[in-house]
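Undergrad: compute the structure for the input listed below.
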Amino acid sequence: MAPFLGANGFRVFCPDQPGFGLTEGYEDAYLPNDAGHVDFLHEFTTALCLSRFHLAGNSMGSANTVNYVTAHPDRVISFALIAGPIGDLVPRETVAAHDYRPRGAKPNPWQFDGTADSMRRRQPR
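TA: Here you go, the predicted model:
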């Protein structure tokens, strides 16, 4: 999505969330929870002098987007949510408690279960 938006005149920023990508030493700066993600995004956009902006989130970024818009509605012009479990239909705990594999099927190595190992398995090699 970022290359498409950039090619169509938008200035696009794709920061690594604390604890993901190339971030190091974030443990003392941001809590590893929804509030920490909102704080990070708020400080990131403030450092870039973005007083109002469009926001998009994919997967976990959808939840971060919803939480940010809720906390700082005056800063967000518009927002887009893409494939995100924001919990409005079925609680995450309910989804996580069910195994949707056919009987006898092996676990999908690409399935994300929220653990660091699961995230590493999903990374391209």
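Undergrad: what count of nearby residues applies to Pro18?
TA: Neighbour count for Pro18, taken as other C-beta atoms under 10 Å: 19. Using the backbone N, CA and C atoms, a C-beta is placed for each residue, glycine as well.
Undergrad: quick one: low-confidence parts of the chain?
TA: The model of the chain has pLDDT under 70 over residues 85-116, 118-125.
Undergrad: helices of that one, start to end?
TA: Here the chain has its helices, by DSSP state H, at 2-7, 34-47, 60-71, 92-97, 116-122.
Undergrad: pull out the buried positions in stretch 48-56.
TA: 55-56 (16 or more other C-beta atoms under 10 Å).
Undergrad: I'd like to know how far Pro73 sits from Ala7.
TA: According to C-beta to C-beta, to the nearest Å, Pro73 stands 29 Å off from Ala7.
Undergrad: just Ile82 next, same as before
TA: From Ile82 to Ala7 the distance is 18 Å (C-beta to C-beta).
Undergrad: those two: which has the busier surroundings?
TA: Ile82 (12 against 9).
Undergrad: bridging residues for that one?
TA: Using DSSP bridges, the bridge partners assigned to Ile82 are Asn58.
Undergrad: hang on, it packs against Ser59?
TA: Yes: between Ile82 and Ser59 there is a contact under C-beta atoms under 8 Å: 7.5 Å.
Undergrad: mutual contacts of those two, please.
TA: Common contacts of Ile82 and Ser59 (C-beta atoms under 8 Å, 6 or more residues apart in numbering): none found.
Undergrad: thinking Asn67 is in contact with Asn33, fair?
TA: No: counting by C-beta under 8 Å, Asn67 does not reach Asn33; the two are 10.1 Å apart.
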